[in-house]
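Participant: make a model of this:
(chains A and B)
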Amino acid sequence: MLDLQPLHDAILNGDAKTAKALTEQALAAGVAPLKLVQDYMVPAMGEVGRRFECNEYFVPELLLAARAMKGALELIRPLLTASGVQPVGRVAVGTVKGDLHDIGKNLVAAMLEGGGYEVIDLGVNVAPEQFVAAVKEKHVHIVALSALLTTTMPSMKTTIEALKQAGVRDQVKVVIGGAPITQRYADEIGADGYGESAAGAVALAKQVMG
Amino acid sequence: MSRQRLLLVACRVFERELEVLARTAKTELQLHYIEIALHQQPGAQLRAALQEEINTVPEEDYDAVALGYGLCNRGLVGLKAHGLPVVIPRAHDCLGILLGSSQRYLAELEKQPGTYFQSCGWIEHLPADRTLRPLAAGEGLSLNQEELVARYGEESAQFLMAEYAKFTQHYKRLAFIATPVAKADERERKAAEIAQQQGWTFERLPGDLTWLQRLVDGEWNDKDFLVLKPHEKVALSYGDGLISAEPA
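Facilitator: Predicted coordinates for the structure are as follows:
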């Protein structure tokens, strides 16, 4: 039996090369792709998140772990699709109108992909109408809004209002995050969830989807 | 009537502007600076440094403490007044203060969301390698290439530098907030140089020091300033006032 703990550790340590090599080995040895994701990659990213929250890890470690995970995931994803494994959910992510800072948003996208979600990345400076369109046309389950600055966070409120006006607010969960954001702000603008860090994105997505 | 005795604890980014304003201040003004570097750290560190300042002010020597800071992301949230009132501009950050109003700052951002602002203070304190950093950088994002190599190894450091470089990829304009201080022309030239290197347009925005002036003069209207009474703390208000006072 192949010991796959090193795959977990390679992702945790942000070692992209080793993570990729071990994934190739495991797949060649016939390990089920979904097992790799669920038993090793998701827990590794969970541990990354835990370390980030207690200040053992910082943004560089998150970026490196996400890169290692994405490398492994690229090998696995085609196999999952071929075997008909459905994504856990579909999430539209973007930085809100006026905000061009996407390091955090990109990390959230990587975490969610690693957690088995299909991510529709709307990019930066995303107008409320574009989020509305994603809900209507792509049937996303979750809209994830990011803002880095206090100058742009009011766009989160206008985005939620736009979803209401378009009559689609009930069809989707809205989660928000970014440096200036708090749970209190999320409550105030009627978001369904608040993520303190990118590292907790998967747990938050699971929580709001119920 | 004797003049109000004011201790202004300010970010060093305002040093040159405050030098000028202090000469004619209507208060009996004492200035104390905190290094810009703290701004680059997560909010908790800036807040801790400011709280320490507030807690250790010799209270019999002053009538009030003023902070030469904006909200600075969330850096000031939770800050508590001790025995003296604490005055804080209701500003997002230093850029709005130097532009004279949040209204003007937000209008400039609306005009071009991809604006990287600079001022004399920012240019004066650029890191030696002149790398631009995100405004709200966290631990690890302020490391230079050499430090990244030492911590993460050559290959990972290269990947990280490339990731960091991406943070400027969406910027289109460098706006230099010009204030009437020493060496302003030299700083402006340097800012224009950076814009050219980055491939951004360059724009000179005349600064407006009236907000900062009112801070040092003790003219604190409720619209532009929050005055914390002793034993109150700063909370986010999310409305027009940006920040509000709460019982500590």
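Participant: from here on, contacts and neighbour counts on C-alpha atoms
Facilitator: Noted.
Participant: so B:Arg74, which state does it fall into?
Facilitator: coil (DSSP: H, G, I helix; E, B strand; the rest coil).
Participant: just the pLDDT for the residue minimising distance to the centre of chain B.
Facilitator: The C-alpha lying nearest the average C-alpha coordinate of chain B belongs to B:Cys94 (CA atoms, centre = their mean; 3.5 Å). Looking at B:Cys94, its pLDDT reads 94.
Participant: which ones are touching it?
Facilitator: B:Cys94 is in contact with B:Val13, B:Phe14, B:Tyr69, B:Gly70, B:Cys72, counting by CA atoms under 8 Å, 6 or more residues apart in numbering or on different chains.
Participant: go again with 10 Å.
Facilitator: B:Cys11, B:Val13, B:Phe14, B:Gly68, B:Tyr69, B:Gly70, B:Leu71, B:Cys72, B:Gly100, B:Ser119, B:Leu212 (CA atoms under 10 Å, 6 or more residues apart in numbering or on different chains).
Participant: what does B:Arg12 give?
Facilitator: B:Leu18, B:His32, B:Tyr33, B:Ile34, B:Glu35, B:Ile36, B:Ala37, B:Gly68, B:Tyr69, B:Gly121, B:Trp122, B:His125.
Participant: run through the neighbouring helices and strands of the strand or helix carrying the third one.
Facilitator: With the criterion set as DSSP states H and E, the secondary-structure element containing B:Tyr33 is strand B:28-34. The elements that strand B:28-34 packs onto, with contact taken as 3 or more CA pairs under 10 Å, 6 or more residues apart in numbering or on different chains; DSSP states H and E, are strand B:5-11, helix B:15-22, helix B:43-55, strand B:64-68, helix B:210-217.
Participant: what pairs with that strand, parallel or antiparallel?
Facilitator: strand B:5-11 (parallel) (DSSP bridges).
Participant: could you look up the SS state of the residue of chain B positioned farthest from its centre?
Facilitator: Relative to the centre of chain B, the most outlying C-alpha is that of B:Glu155, 34.4 Å out, by CA atoms, centre = their mean. On the three-state scheme (three-state DSSP), B:Glu155 is labelled helix.
Participant: for the closest residue to A:Asp15 other than its chain neighbours, give me its contacts.
Facilitator: Closest residue in space to A:Asp15, ignoring its immediate chain neighbours: A:Ala68 at 5.9 Å, by CA to CA, 6 or more residues apart in numbering or on different chains. Each residue near A:Ala68 by CA under 10 Å, 6+ apart is listed here: A:7, A:10-20, A:41, A:62.
Participant: circling back: most neighbours out of the contacts of B:Arg12, which is it?
Facilitator: B:Gly68 (27 neighbours; other CA atoms under 10 Å in any protein chain shown).
Participant: ok, the spatially closest residue to it that is not a sequence neighbour - how many residues close by?
Facilitator: Spatial nearest neighbour of B:Gly68, excluding adjacent residues (CA to CA, 6+ apart): B:Ala10 at 3.9 Å. Applying other CA under 10 Å, we find 21 residues neighbouring B:Ala10.
Participant: repeat for A:Glu161
Facilitator: 16.
Participant: over to the one 4 residues further on?
Facilitator: A:Gln165 is flanked by 11 other residues according to other CA under 10 Å.
Participant: same thing with A:Tyr117?
Facilitator: 19.
Participant: how far off centre is the longest helix seen in chain B?
Facilitator: Secondary structure of chain B per DSSP state H: the longest helix is helix B:184-198. Helix B:184-198 has its C-alpha centroid displaced from the chain centroid by 20 Å (CA atoms, centre = their mean, to the nearest Å).
Participant: is any residue of the least confident helix or strand in chain B by mean pLDDT near chain A?
Facilitator: Of all helical and strand segments in chain B, the minimum by mean pLDDT, DSSP states H and E falls on helix B:145-152, at a mean of 86. Yes - with CA under 10 Å from any CA of the partner chain as the measure, helix B:145-152 is seen reaching chain A through B:Leu148, B:Tyr152.
Participant: that helix packs against which elements?
Facilitator: helix A:59-82, helix B:154-165.
Participant: can you put the ones you listed in TSV and add distance to A:Leu27?
Facilitator: Compiled in TSV, the helices and strands packed on helix B:145-152 are given as follows (distance: least, CA to CA, whole Å):
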stretch	distance to A:Leu27
helix A:59-82	8
helix B:154-165	26
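Participant: winner for burial among these?
Facilitator: Burial of these is given as mean neighbour count (mean count of other CA atoms under 10 Å in any protein chain shown); helix A:59-82 ranks first at a mean of 20.
Participant: that one: what's the following helix or strand?
Facilitator: By DSSP H and E, the next helix or strand past helix A:59-82 is strand A:90-95.
Participant: distance between whatever helix or strand comes next after that following strand and the chain's centre?
Facilitator: Following strand A:90-95 in sequence order, the next helix or strand is helix A:103-114 (DSSP H and E). How far helix A:103-114 lies from its chain's middle: 4 Å, per CA atoms, centre = their mean.
Participant: do stretch B:62-75 as well
Facilitator: 10 Å.
Participant: what's the domain layout of chain B?
Facilitator: Chain B breaks down into these structural domains: B:5-91+B:209-247, B:97-206 (assignment by automatic domain parsing).
Participant: pick the most buried one from those domains.
Facilitator: Of those, domain B:5-91+B:209-247 is the most buried (mean count of other CA under 10 Å), at a mean of 19.
Participant: all helices of chain A, in order?
Facilitator: Using DSSP H, helices in chain A cover A:5-12, A:16-28, A:33-35, A:42-53, A:59-82, A:103-114, A:128-138, A:154-165, A:183-189, A:201-209.
Participant: redo those as JSON lines? Include distance to B:Ala150 and mean pLDDT.
Facilitator: JSON lines is the format used below for those (distance: least, CA to CA, whole Å; pLDDT from 0 to 100):
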{"stretch": "helix A:5-12", "distance to B:Ala150": "19", "mean pLDDT": "96"}
{"stretch": "helix A:16-28", "distance to B:Ala150": "18", "mean pLDDT": "96"}
{"stretch": "helix A:33-35", "distance to B:Ala150": "35", "mean pLDDT": "90"}
{"stretch": "helix A:42-53", "distance to B:Ala150": "20", "mean pLDDT": "85"}
{"stretch": "helix A:59-82", "distance to B:Ala150": "13", "mean pLDDT": "91"}
{"stretch": "helix A:103-114", "distance to B:Ala150": "23", "mean pLDDT": "88"}
{"stretch": "helix A:128-138", "distance to B:Ala150": "42", "mean pLDDT": "97"}
{"stretch": "helix A:154-165", "distance to B:Ala150": "39", "mean pLDDT": "97"}
{"stretch": "helix A:183-189", "distance to B:Ala150": "37", "mean pLDDT": "93"}
{"stretch": "helix A:201-209", "distance to B:Ala150": "30", "mean pLDDT": "93"}
